[in-house]
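Trainee: no sequence for this one, just the structure:
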Ligand code: IPM
Ligand code: MN
């Protein structure tokens, strides 16, 4: 980190977004005191309510504002009075595309004390990371209709893959696998080369070429359908997965449930280039039915804050939060499900703060 003060923009967003965001900020505040760094938070009111009030999703100058920050924290988007897709496209995908956050990083790690639906599996078995390409594929919005609304209607939705787009993602995934340096040290490409013989052939060829620069990293390949089976049957076989945007979207929800669900799963939208701004978010939605009830699980948001710190020059604070979260899930919380944690949202935040000085494990 070159700047002395970490500057963060928060988009707390809709529903329970603000509740979990304030727990994440509470933990940030405490860890910054302990580790001795300064930060600023500018909270932006972007989201469903503002859109309904003003008709605007991202206000003028919004991107420049975000570009002036070190990182962005997003709580949740999704409003019961706004049609599905409007905020997802207008806010989340717009930010990913315009800020060129070409990596979607999703750790799939089962924490101590957290229940997984996989029988007989524990934290030693579920600890891998999905690197999802985040700017191309079916998400580009290329397509259209013919004869819309008639019996002869045709709809086309095209997947776009570029050499540059897949190469930068694959290269980053190799670097990440090398850095992570797990005993497996294996990067698995997940695609569908047997059917998507153009786009995924480009991914395949690029993967083989880039692999030559990383002789120390083992490589593997899974078709996406088989990957879904292996994730359930042998999750311990994975170290790092690199995959396309649409498949990555699907398998990371599968990963999310293996690690205990939306109450704990977090992700990062990274622009790892010089001057790039990255955005971190809990994976759960805005959970309208829990809004304002102090029942939603803030662990995913706290994990997202740890990721933000990890990628913003404060890795020791990220590790400190990780340890605290593991001790709270392992020794305090009854469940990761909203309303069944044994504690309220803000109490869970307090527990994590109280555990921040837990010693490092040998
Ligand atoms: C995710 C979400 C988004 C996606 C939606 C909300 C557009 O499911 O971050 O995985 O599809 O990428
Ligand atoms: Mn998704």
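Mentor: Everything's here; your move. Computed from a predicted model, the values in this text were never measured in an experiment. Numbering: from 1, shown residues only. Ligands and ions are numbered 1, 2, ... in the order given.
Trainee: which ones are touching the residue in the stretch 201-350 of the chain that ligand 1 sits nearest to?
Mentor: Among residues of the stretch 201-350 of the chain, the one nearest ligand 1 by C-beta to the nearest ligand atom turns out to be residue 249. It sits 4.4 Å away. Using the backbone N, CA and C atoms, a C-beta is placed for each residue, glycine as well. For residue 249, the contacting residues are residue 132, taking C-beta atoms under 8 Å, 6 or more residues apart in numbering as the criterion.
Trainee: quick one: residue 60 is in a helix?
Mentor: No: Residue 60 sits outside any helix when classified using DSSP: H, G, I helix; E, B strand; the rest coil, being coil.
Trainee: what is the burial count for it?
Mentor: Using other C-beta atoms under 10 Å, residue 60 has 8 neighbouring residues.
Trainee: if we can go back for a sec, can you tell me the helix or strand for the residue of the stretch 201-350 of the chain closest to ligand 1?
Mentor: Assessed by DSSP states H and E, residue 249 sits inside helix 245-258.
Trainee: again, but for residue 359
Mentor: For residue 359, there is no enclosing helix or strand under DSSP H and E.
Trainee: how close does it get to ligand 1?
Mentor: According to C-beta to the nearest ligand atom, to the nearest Å, residue 359 stands 35 Å off from ligand 1.
Trainee: give me the neighbour count for that residue.
Mentor: Quick note: residue 359 (other C-beta under 10 Å) scores 7 neighbours.
Trainee: quick one: contacts for it?
Mentor: Under the criterion of C-beta under 8 Å, 6+ apart, residue 359 has no contact partners.
Trainee: any idea how far it lies from residue 323?
Mentor: The span separating residue 359 from residue 323 equals 8 Å under the rule C-beta to C-beta, to the nearest Å.
Trainee: alongside ligand 1, which residues does the protein contribute?
Mentor: Taking C-beta under 6 Å from any ligand atom as the criterion, the neighbours of ligand 1 within the chain are 88, 92, 93, 249.
Trainee: give me the below-cutoff pLDDT ranges for the protein.
Mentor: For the chain, the stretches with pLDDT under 70 are 1-3, 361-362.
Trainee: would you mind measuring from the residue nearest to the spatial centre of it to residue 132?
Mentor: Computing the C-alpha centroid of the chain and ranking residues by C-alpha atoms, centre = their mean puts residue 267 first, at 1.4 Å. Separation of residue 267 from residue 132 (C-beta to C-beta) stands at 9 Å.
Trainee: anything in contact with each of the two?
Mentor: The contact sets of residue 267 and residue 132 overlap at 104, 105, 106, 252 (C-beta under 8 Å, 6+ apart).
Trainee: burial of the last one, as a residue count?
Mentor: Think residue 252. Burial measure for residue 252: 21 neighbouring residues, criterion other C-beta under 10 Å.
Trainee: what's near enough to touch residue 216?
Mentor: 178, 185.
Trainee: sec struct for the residue lying closest to residue 292 once chain neighbours are set aside, please.
Mentor: What sits nearest to residue 292 in space, not counting adjacent residues and going by C-beta to C-beta, 6 or more residues apart in numbering, is residue 19, at 7.4 Å. Secondary structure, three-state DSSP: residue 19 is helix.
Trainee: in this structure, which spans are helices?
Mentor: With DSSP state H applied, the chain shows helices at 17-35, 48-54, 62-67, 86-87, 94-98, 163-180, 199-211, 224-233, 245-258, 299-310, 315-331, 345-354, listed in chain order.
Trainee: quick one: distance of the shortest one to the chain centre.
Mentor: Between the centre of helix 86-87 and the centre of its chain there are 19 Å (C-alpha atoms, centre = their mean, to the nearest Å).
Trainee: for stretch 328-340, same thing?
Mentor: Taking C-alpha atoms, centre = their mean, one finds stretch 328-340 lying 21 Å from the centre of the chain it belongs to.
Trainee: for it, buried residues please.
Mentor: Within stretch 328-340, the residues that qualify as buried are 328, 329, 332, 333, 335, 336, 337, 338, counting by 16 or more other C-beta atoms under 10 Å.
Trainee: do I have it right that the last one meets residue 298?
Mentor: No: taking C-beta atoms under 8 Å as the definition, residue 338 is not a contact partner of residue 298, at 10.2 Å.
Trainee: common neighbours of these two, please.
Mentor: Contact criterion C-beta under 8 Å, 6+ apart; no residue bridges residue 338 and residue 298 by contacting each.
Trainee: who are the neighbours in contact with the closest residue to ligand 1 within the chain?
Mentor: Of the residues in the chain, the one nearest ligand 1 is residue 88, at a distance of 3.9 Å by C-beta to the nearest ligand atom. Listed by C-beta under 8 Å, 6+ apart, the contact set of residue 88 reads 77, 78.
Trainee: likewise the one 4 residues further on?
Mentor: For residue 92, the set of contacting residues under the criterion of C-beta under 8 Å, 6+ apart consists of 74, 77.
Trainee: export the buried residues of stretch 328-340 to JSON lines and tack on distance to residue 63?
Mentor: JSON lines is the format used below for the buried residues of stretch 328-340 (distance: C-beta to C-beta, whole Å):
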{"residue": "328", "distance to residue 63": "36"}
{"residue": "329", "distance to residue 63": "36"}
{"residue": "332", "distance to residue 63": "40"}
{"residue": "333", "distance to residue 63": "38"}
{"residue": "335", "distance to residue 63": "40"}
{"residue": "336", "distance to residue 63": "35"}
{"residue": "337", "distance to residue 63": "37"}
{"residue": "338", "distance to residue 63": "33"}
